[in-house]
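fold the following.
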Amino acid sequence: MRLDKFLKVSRIIKRRTLSKEIAEAERVKVNGKMAKPSTKLKINDEIEIAFGRSILKVRVKELKNHVLKDESGDLYEIIEEIKIPYE
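Residues are numbered from 1 along each chain as shown. Next up is the predicted model:
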C-alpha cells in the first residue's frame, strides 16, 4: 500500500492530498529514510512524521484498503511521540 493512502486510511492524516503534500515536503521518513508519497509500505515498517512542533513515530501493524473509524487505530501502534518545546 502507498504511504499517502495508508496515512489517510489509518486517519493519522485526515486527507490523502494533505498526506501527499507532507511527504513531498520531506517531513515523512519510512525506516529512517525520507519517503515519497508513493513509497510502498509493508507490515512492521516504521513511519516518522514531523508535524509542526511534534514528531510521531508509528509501526505498521496491518494494511487494509478501507476500515471504519473505530478500527483505524488497529492499523498501527504508536512507538513514540516527541513534543518539541518552544525556545
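
from now on I want contacts and neighbour counts done on CA atoms only, so please keep to that.
OK.

and the closest residue to Phe6 other than its chain neighbours, what pLDDT?
Leaving aside its sequence neighbours, Phe6 sits nearest to Leu63 (C-alpha to C-alpha, 6 or more residues apart in numbering; 7.5 Å). Turning to Leu63, the model gives it a pLDDT of 95.

likewise Glu87?
72.

what does Val28 give?
Confidence score, pLDDT, at Val28: 96.

I'd say it and Ile47 touch.
Yes. Using C-alpha atoms under 8 Å, Val28 is in contact with Ile47, at 7.0 Å.

list the contacts for the residue nearest to Phe6?
The contact partners of Leu63, taken as C-alpha atoms under 8 Å, 6 or more residues apart in numbering, are Met1, Phe6, Lys42, Ile43, Leu75.

among those, which ones are in strands?
Using DSSP state E, no member of the contacts of Leu63 sits in strands.

in JSON lines: those, plus neighbour count, distance to Glu81 and pLDDT.
Listed next are the contacts of Leu63 as JSON lines, based on neighbours: other C-alpha atoms under 10 Å; distance: C-alpha to C-alpha, whole Å; pLDDT from 0 to 100:
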{"residue": "Met1", "neighbour count": "14", "distance to Glu81": "24", "pLDDT": "93"}
{"residue": "Phe6", "neighbour count": "25", "distance to Glu81": "19", "pLDDT": "95"}
{"residue": "Lys42", "neighbour count": "15", "distance to Glu81": "21", "pLDDT": "96"}
{"residue": "Ile43", "neighbour count": "13", "distance to Glu81": "20", "pLDDT": "96"}
{"residue": "Leu75", "neighbour count": "20", "distance to Glu81": "17", "pLDDT": "95"}
